[in-house]
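Peer 1: Sequence and predicted model, in that order:
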Amino acid sequence: MKPSPMHQIAQTLMGAQSGLITCHRKPDGDAMGSMLGMGLILRHLGKTFTLYSQDGVPKQFADLALASEVVDHLSEDSHFDVTVAVDTGDQALLGDDVPTDHRRGTLIVLDHHSSSTPFGDLRWHDATAAATGVLVAELAQHMDVRLNRDLSELLWCALYTDTGGFRYSSTDARVLRLAAKLVEAGISPWDVTVKLYENNPVERMRLLGRVLCTLELSASGQIASLAITQQMVDESGADNSMMDGFINYARSIEGVEVAVQVLQQGEVCRISLRSKGRIDVGSLAQRLGGGGHHNAAGCTVEGPPGQVQQRILGLLEDALRDREAVQ
Ligand SMILES: [Mn+2]
């Protein structure tokens, strides 16, 4: 029988001396929790490791274990026995300094994105996992690495954020069983909540106020959109790390099936899509060169925000109409 990817990854990590651990650009809680969690696992195994995130550590994750050791740059002569990329569905989402040649060693990928472009030498992809943190936890247990308090807190961060606080449809018995284990390991859910959600910079709230004023509903009332221009961000004194979750306010409206957020970034717009479940926004984003999950996806589209917004709304209206036609 062919060894499982998890087993092969464990063997490779055991045989390595030095590791690079990294995640996708603009890291979320799952990317950060999984990356730092892999760091604790390698530390437990006595390996040397480097944690690299080109966009650094978002403020809300700055108090997590190992967060202060994350670097945002790798020197050109750095080399590793293994490189571990977590929560990354496409190699293009990795930071620019991740070595592409032999200097990276064996490239290991742990991921759960349903739409993804396979890459790496050893890939453990499980789209049924609620978070990459679930895979990191299962790897730790397979390698007899104890889920101590620090590791448990990182994994909780991964699980909690990727399931929207155990609310999304990805919330299954597997993730809840693991969550129970993390609580048994001594974490305090409220303490993590305070770290993650009760430390908002006031600039974020000022920006949120302005962004909510841009709310538009489609004629059918099923699509809600928000727009964030560079001017709004600048005038609020905020930065691009402070708008996480804004789109959920648009999706939360009664009757809305899909929420769209258009974020101006220079000449292009970063599009975020969130579905309540009837529309697969992952495949829509994929058609536009992006990716993601059934209910949460994103892509980048060229053009000014207003024009981009109209184009995306048109595509979504079509998707909703097609959906209604088959029902
Ligand atoms: Mn994830």
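Peer 2: Yes, it's here. Numbers count the residues shown, from 1 in each chain.
Peer 1: and this structure, which of its residues are near the ion?
Peer 2: Listed as neighbours of the ion in the chain under the rule Cβ under 5 Å from the ion: 30, 87, 132, 162. C-beta here means a position set from N, CA and C on the backbone, and glycine is covered the same way.
Peer 1: I figured the third one hits residue 87, correct?
Peer 2: Meaning residue 132. Yes: using Cβ atoms under 8 Å, residue 132 makes contact with residue 87 at a distance of 4.0 Å.
Peer 1: circling back to that earlier point, filter the residues of the chain next to the ion down to just the buried residues.
Peer 2: Neighbour-count burial (16 or more other Cβ atoms under 10 Å) applied to these gives 30, 87, 132, 162.
Peer 1: Doesn't the first one lie inside a strand?
Peer 2: Which is residue 30. No: read with DSSP: H, G, I helix; E, B strand; the rest coil, residue 30 is helix and lies in no strand.
Peer 1: That one reaches residue 134, doesn't it?
Peer 2: No: in this structure, residue 30 is not within contact of residue 134 by Cβ under 8 Å, at 9.4 Å.
Peer 1: list residues touching both of the two?
Peer 2: Taking Cβ atoms under 8 Å, 6 or more residues apart in numbering as the criterion, residue 30 and residue 134 both touch 158, 159.
Peer 1: got a list of what residue 130 touches?
Peer 2: By Cβ under 8 Å, 6+ apart, residue 130 lies in contact with 112, 159, 162, 163, 168, 170, 171, 172, 174, 175.
Peer 1: next one: stretch 312-322 to chain centre, how far?
Peer 2: 25 Å (Cα atoms, centre = their mean, to the nearest Å).
Peer 1: meant to ask about stretch 310-325, not that
Peer 2: On Cα atoms, centre = their mean, the centre of stretch 310-325 falls 26 Å from that of its chain.
Peer 1: buried sites along that stretch?
Peer 2: So for stretch 310-325, counting by 16+ other Cβ under 10 Å, buried means 311, 312, 313, 316, 317, 319, 320.
Peer 1: would you turn these into JSON lines with secondary structure?
Peer 2: Putting the buried residues of stretch 310-325 into JSON lines (three-state DSSP) gives the following:
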{"residue": "311", "secondary structure": "helix"}
{"residue": "312", "secondary structure": "helix"}
{"residue": "313", "secondary structure": "helix"}
{"residue": "316", "secondary structure": "helix"}
{"residue": "317", "secondary structure": "helix"}
{"residue": "319", "secondary structure": "helix"}
{"residue": "320", "secondary structure": "helix"}
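Peer 1: could you pull out the strands for the stretch 1-150 of the chain?
Peer 2: Using DSSP state E, counting those that start in this stretch, the strands of the stretch 1-150 of the chain run over residues 18-23, 48-52, 70-71, 82-86, 106-111, 122-125.
Peer 1: so what secondary structure elements neighbour the first one?
Peer 2: I take that to be strand 18-23. Packing contacts for strand 18-23, counted by 3 or more Cβ pairs under 8 Å, 6 or more residues apart in numbering; DSSP states H and E, involve helix 29-44, strand 48-52, strand 82-86.
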